[in-house]
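Enquirer: sequence unavailable; structure follows:
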């Protein structure tokens, strides 16, 4: 039982250290973990050798696709539903468009019904929130795909880099903070 307890304690300590970084500088030493605040890292490791800072953009380009499906087409001679050639056929039913942003259906509209939350296709029902693969499996390939992009506002992040020169023989250790918290540790 004692061996099992010692082994589990060693395993827990090893696992905890794998997510940690041991900081040993002239200003201090100890373990820091991703998620630690800048204040905790500074208290543990001391003042950094150098610092730099950047602000991420608060605008990003978002790709928007519109998948358009032509009206269901009926052949006049045998009333079979087909897609394609316009010879001897009449358009029946509404055209439907699906707005796809980041691989997800975000809006569906019909030429007859306007905005809808879901649409019945030959292979199944597709609703807002479905992914592009589900849309293609249910409705097939669209007649037309329009690609656009738009700028959207996103929350900007404050990125700070602290470098620690451990000794003259080692590469500096760089700590990256996002919005005041440690997110990455590596060598320069």
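Expert: Good, I have the coordinates. Please read these numbers as outputs of a predicted model, since none were measured by experiment.
Enquirer: next up, the contacts around the nearest residue to residue 104 once chain neighbours are set aside.
Expert: Spatial nearest neighbour of residue 104, excluding adjacent residues (C-beta to C-beta, 6 or more residues apart in numbering): residue 131 at 5.7 Å. Quick note: C-beta positions are derived from backbone N, CA and C, even for glycine. Shown in contact with residue 131 (C-beta atoms under 8 Å, 6 or more residues apart in numbering): 103, 104, 105.
Enquirer: any quick PyMOL command for the buried ones out of the residues you listed?
Expert: To isolate the buried ones among the contacts of residue 131 in PyMOL, judged by 16 or more other C-beta atoms under 10 Å, type:
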select buried, resi 105
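Enquirer: format the contacts of residue 131 as TSV; extra columns: pLDDT and distance to residue 178.
Expert: As requested, these are exported to TSV (pLDDT from 0 to 100; distance: C-beta to C-beta, whole Å):
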residue	pLDDT	distance to residue 178
103	88	25
104	92	26
105	95	31
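Enquirer: can you list the contacts of residue 131 in JSON lines and add distance to residue 22?
Expert: Shown next, in JSON lines, are the contacts of residue 131 (distance: C-beta to C-beta, whole Å):
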{"residue": "103", "distance to residue 22": "41"}
{"residue": "104", "distance to residue 22": "42"}
{"residue": "105", "distance to residue 22": "48"}
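Enquirer: from residue 157, how far out is the residue nearest to the spatial centre of the chain?
Expert: With distances taken as C-alpha atoms, centre = their mean, residue 102 lies nearest the centre of the chain, 8.4 Å away. Using C-beta to C-beta, to the nearest Å, residue 102 is found at 19 Å from residue 157.
Enquirer: neighbouring contacts of the helix or strand that contains residue 99?
Expert: Per DSSP states H and E: residue 99 is located in strand 96-101. Contacts of strand 96-101 with the rest of the structure, by C-beta under 8 Å, 6+ apart, involve 62-69, 105-111, 119, 126, 132, 135, 139, 142.
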